[in-house]
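A.B. asks: Everything below, folded, please.
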Amino acid sequence: MKKLTLVLLALPMLIVLVILFPLTRMKTVPWGSQKKSPASEIPVVAAVTTASSANDSAASAWLGETILRGYADTNLPPQNDLTLMSRLMDTTLLLLKGAANQPLAANEDWAALFRGQNAARERFLPDHHAALNSQGQLVDRWGTPLFFHALGGGRYEVRSAGPDGRLWTDDDLHRNPDGSFRRGSELNPPSLLETRGSK
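C.D. replies: A predicted model of the protein is given here:
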């Protein structure tokens, strides 16, 4: 009888403990005291503007416009243009995981990707942008189509024809995947045939 009385007295206390124990393990944070993450941790995805929201607000910018801010600015060196273009390429591949499955070797491939011709139908650049010509090609500040070279493994080289508008000349500007640049003689070394023929 004493055991039954003890069990009946202990049962309500046990029920209270079962209910309250999980609640005591939950952390409560007072309103307004949440830890704010630094700006560098804010995902780039938050900046993507969808087509529907762009129609709602004429002032909104495409993500590509934000990344390419300063593109073809004559107050900045031409290397800046190729660096910005490479950032747009990297960001696009990061956001559109399936984009790596489609061929991205030619200028037209990248231009189509940035203009929304991708599986997600996500647009990064408007049709009228300093980086695009009337044929829909990505161009340098002098209006010449950029040359893209795929190295594999998501690495790409970007080349501008430079002020003369002709590729494979000494005024070309070439950006390597690691962010370094080549110009002049280091950009266009003589081929083995030319070296052998001159001896």
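
A.B. asks: contacts for the helix or strand containing residue 83?
C.D. replies: In this structure, residue 83 sits in helix 78-95 according to DSSP states H and E. Outside helix 78-95, the residues that touch it by CB atoms under 8 Å, 6 or more residues apart in numbering are 44-45, 48, 63-64, 67-73, 99-100, 110, 113-114, 122, 124, 131, 138, 140-141, 146, 154, 156, 158, 160, 162, 173, 175, 179, 181. To be clear about C-beta, it is placed using only N, CA and C from the backbone, and glycine gets the same treatment.

A.B. asks: Can you select the buried ones from these in PyMOL?
C.D. replies: Buried subset of those, written as a PyMOL selection, criterion 16 or more other CB atoms under 10 Å:
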select buried, resi 48+63+64+67+68+71+72+99+110+113+114+122+124+131+138+140+141+146+156+158+160+162+173+175
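
A.B. asks: Mind checking which of the contacts of helix 78-95 land in helices?
C.D. replies: Among the contacts of helix 78-95, the members found in helices (DSSP state H) are 63, 64, 67, 110, 113, 114.

A.B. asks: Pick out the most distant pair among these.
C.D. replies: Spatial extent of the ones in helices among the contacts of helix 78-95 (CB to CB) is set by the pair 63 and 110 at 14.7 Å.

A.B. asks: so what's the residue nearest to residue 137 when sequence neighbours are not counted up against?
C.D. replies: Among residues not flanking residue 137 along the chain, residue 145 sits closest, at 4.4 Å (CB to CB, 6 or more residues apart in numbering). Neighbouring residues of residue 145 by CB under 8 Å, 6+ apart: 107, 133, 137, 138, 139.

A.B. asks: Please report how far residue 145 lies from residue 159.
C.D. replies: 10 Å (CB to CB, to the nearest Å).

A.B. asks: measure the residue lying closest to residue 103 once chain neighbours are set aside to residue 146 for me?
C.D. replies: Leaving aside its sequence neighbours, residue 103 sits nearest to residue 109 (CB to CB, 6+ apart; 5.9 Å). As judged by CB to CB, residue 109 and residue 146 stand 12 Å apart.

A.B. asks: Give me the below-cutoff pLDDT ranges for this structure.
C.D. replies: 1-60, 98-101, 188-199 (pLDDT under 70).

A.B. asks: about what we covered before: spatially, which two of the contacts of residue 145 are the most separated?
C.D. replies: 107 and 133 (10.0 Å).

A.B. asks: ok, the two, which is more surrounded?
C.D. replies: More crowded of residue 107 and residue 133, by other CB atoms under 10 Å: residue 107, with 17 against 14.

A.B. asks: list the contacts for that one?
C.D. replies: Contacts of residue 107 (CB under 8 Å, 6+ apart): 137, 138, 145, 146, 147, 148.

A.B. asks: what's the answer for residue 133, then?
C.D. replies: By CB under 8 Å, 6+ apart, residue 133 lies in contact with 139, 143, 145.

A.B. asks: Tell me how far it lies from residue 143.
C.D. replies: Taking CB to CB, one finds residue 133 at 6 Å from residue 143.
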